[in-house]
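# Generate coordinates for the sequence data below:
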Amino acid sequence: MVLSVALFSQELDCKIQVMSQQIQGTNKQIFRTLQNELFEFMNNHNWTDNIFGSEERIDCNIMINITEEISVDEFKGTMQVQARRPVYYSSYNSVLINYQDNNIQFRYVEFEALQYNETSNNTTLVSLLAYYAYIIIGLDYDSYGIEGGTPWFQKAESIVSRSQNTPEKGWKAFESLKNRYWLTENLLNDRYSGIRQCYYMYHRLGLDVMYDKVSEGRAQIAQGLELLQGVHRDKPGSFLMQIFFDAKADELVNIFSESFSDEQERVTLILNEVDPANSSKYNKIKNQGTAQGTQSGASTGTPGGTLNRPVGGTQNPGGIKY
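Numbering: from 1, shown residues only. Reported below is the predicted structural model:
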């Protein structure tokens, strides 16, 4: 009972899965121990100074797929990171991030304590977990206030900076244009601020009001997409834009399939321009009609999004209380 109460004060409700099917002839118990240790680390660490009630914790999943055993205590694999946030007056949860990091490599000794220190170097495994914890928290805060996640993205950036001398991939600018370095760079680069503003308009001014103002909420989402269009025309092909659409492409089809024809036409043109990889999905918007029901986030039910994030930045000018 004491443990469950303590968990409620933490920020994350993180499910952990460690898969090792590709590793043969080794002691599988180490991976079960690792899964338990990761769960305790992600859910018990205080990532912010804010108090979260049990219903306010951020719903997220991390799945690690071990694909190679380099030595008895060193492994390679992938990490799938997912997070969702609830929509006001709805049982619906909207995906914030759904990203697979294909370059994870770390050492782990069974029963080794996982401890994070903000001001010094940590093990690669701890750095990976802390990095994505801050990314998840930052995106959640961005969805409640304009650029409200900046402090947490700065913490993720600090982890990147402290990891520049590590041999593992994913932390350095020259290795790839789409890795941990570039994700924090995009998030904190003013040239991509329109994407972060879109996160706020999409969720707080859009989905969260659609329980009784469907057209108004959808119009706010459409305006947010115009911000993405501006970023795309200035800096096409950004990593952060890909992160956004990996999470939102299917949901956007559901939302605007219920719109009127003029808005559908305008939104489809924008989406095909800024995210051509998903054009086949977006071209279905005008063909699906209103068959999607309440999947756009306008469904009623128990209040799922009455959270109270102490966010920074400009608040909702419409005075919506949360």
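# what does the lengthiest helix in the chain contact?
Looking across the chain with DSSP state H, the single longest helix is helix 214-234. Under the contact criterion Cβ atoms under 8 Å, 6 or more residues apart in numbering, helix 214-234 has outside partners 191-192, 194-195, 197-202, 205-210, 238, 241, 244, 252, 255-256, 258-259, 263, 266-267, 270-271, 273-274, 296-298. Where you see a C-beta, it was placed from the backbone N, CA and C, and this is true even at glycine.
# Going through those, which ones are buried?
192, 194-195, 197-202, 205-210, 238, 241, 244, 252, 255-256, 258-259, 263, 267, 270-271, 274, 296-298 (16 or more other Cβ atoms under 10 Å).
# Please list the members of the residues you listed that lie in helices.
Reading helices off those with DSSP H, I get 194-195, 197-200, 241, 244, 252, 255-256, 263, 267, 270-271, 274.
# list the contacts for the nearest residue to residue 76 once chain neighbours are set aside?
Of all residues not flanking residue 76 in the chain, residue 68 sits nearest, at 4.0 Å (Cβ to Cβ, 6 or more residues apart in numbering). If you count contacts by Cβ under 8 Å, 6+ apart, residue 68 has them with 22-23, 75-77.
# mind listing the strands for the chain?
For the chain, the strands defined by DSSP state E cover 12-19, 58-71, 74-86, 93-107.
# looking at those, which is buried most?
Highest mean neighbour count of these: strand 74-86, a mean of 20 (counted as mean count of other Cβ atoms under 10 Å).
# Show me what that strand pairs with in its sheet, parallel or antiparallel.
strand 58-71 (antiparallel), strand 93-107 (antiparallel) (DSSP bridges).
# out of the ones you listed, nearest to residue 185?
Shortest separation from residue 185 across the strands paired with strand 74-86 is recorded for strand 93-107, at 15.3 Å, computed as Cβ to Cβ.
# tell me the average confidence for that closest one?
On average, the pLDDT along strand 93-107 is 97.
# ok now that strand, how far from the chain's centre?
From the chain centre to the centre of strand 93-107 is a distance of 9 Å (Cα atoms, centre = their mean, to the nearest Å).
# Please work out the angle formed by the directions of it and helix 193-200.
Relative orientation of strand 93-107 and helix 193-200, computed by axes from the mean of the first three to the mean of the last three Cα atoms, to 10 degrees: 120 degrees.
# Please save the CA atoms from strand 93-107 in CSV.
The C-alpha trace of strand 93-107 is given here as CSV (Å, rounded to 0.1, in the frame of the first residue of the first chain):
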residue,chain,number,x,y,z
ASN,A,93,-6.7,9.3,-25.6
SER,A,94,-4.7,11.1,-28.3
VAL,A,95,-1.2,9.9,-29.3
LEU,A,96,1.6,12.4,-28.6
ILE,A,97,4.5,10.4,-29.8
ASN,A,98,5.0,7.0,-31.5
TYR,A,99,8.6,6.7,-32.4
GLN,A,100,11.1,3.8,-32.8
ASP,A,101,14.7,4.5,-31.9
ASN,A,102,16.7,2.0,-34.0
ASN,A,103,20.1,2.7,-32.5
ILE,A,104,20.2,1.7,-28.8
GLN,A,105,23.2,0.1,-27.3
PHE,A,106,23.8,-0.3,-23.6
ARG,A,107,25.5,-2.2,-20.8
